[in-house]
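1. sequence? don't have it. structure:
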């Protein structure tokens, strides 16, 4: 049975062509995209299945880091993190102590990165997980059933001595270094 609009296509070829542009989904939009590429469209039966699930009131675990510098509170926080990680796999953190201007600066830096010329962003486009700075669309682009409509900038700070590295994009270098200093402080308390 032919489904209207459903045509055979070479998904791998379309994925490879998209990835080769190194422009991400924003690059598609900036180029004047008129129709969402099929690699980003979820099958109708998959969407219908999602819509048929009754949604319970879902509340992501929230962990308050207030008092992290005190030993007794640190133990309690560690237990909350362990429980949330085991049951949910993720959690939201509040009262982390990162100043609002640092958070806003980070958001501004990332927006500047995403809004800059595509040729500048291409310098960071890679699927090489050993690279410290990686810009890409979907880390699992070639493995997932449907690609997600998003671009991702990943910056690894596994070595604190590299926090002033020239590897970082100019558009967000300063804000990223400042943000990482605050995150590192939280990490030191949680060890």
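-> Cool, the structure landed. Keep in mind the model is a prediction, meaning the values are calculated, not measured.

2. Strands along this structure, start to end?
-> 62-64, 92-94, 133-136, 152-155 (DSSP state E).

3. average pLDDT for the third one?
-> So that's strand 133-136. The predicted model gives strand 133-136 an average pLDDT of 96.

4. contacting residues around that strand?
-> Applying C-beta atoms under 8 Å, 6 or more residues apart in numbering, the contact partners of strand 133-136 are 24, 113, 121, 124-128, 151-156, 167-169. For glycine as for every other residue, the C-beta is placed from the backbone atoms N, C-alpha and C.

5. Looking at the strands of the chain, spot the one closest to residue 15.
-> Nearest to residue 15 among the strands of the chain is strand 133-136; the distance by C-beta to C-beta comes to 12.4 Å.

6. returning to that earlier point: which among the contacts of strand 133-136 count as buried?
-> 24, 113, 121, 124-125, 151, 153, 155, 168-169 (16 or more other C-beta atoms under 10 Å).

7. Return the subset of those lying in helices.
-> The helices, defined by DSSP state H, take in 24, 113, 121 from those.

8. so what's residue 77 up against?
-> Going by C-beta under 8 Å, 6+ apart, residue 77 touches 63-65, 67-68, 190.

9. With distance to residue 18 as added columns, please give these in JSON lines.
-> Shown next, in JSON lines, are the contacts of residue 77 (distance: C-beta to C-beta, whole Å):
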{"residue": "63", "distance to residue 18": "37"}
{"residue": "64", "distance to residue 18": "42"}
{"residue": "65", "distance to residue 18": "39"}
{"residue": "67", "distance to residue 18": "47"}
{"residue": "68", "distance to residue 18": "43"}
{"residue": "190", "distance to residue 18": "39"}
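
10. Return the item of those residues having minimum pLDDT.
-> Lowest pLDDT of the contacts of residue 77: residue 190, 65.

11. Just name the shakiest helix or strand of this structure by mean pLDDT.
-> helix 44-52 (a mean of 79; mean pLDDT, DSSP states H and E).
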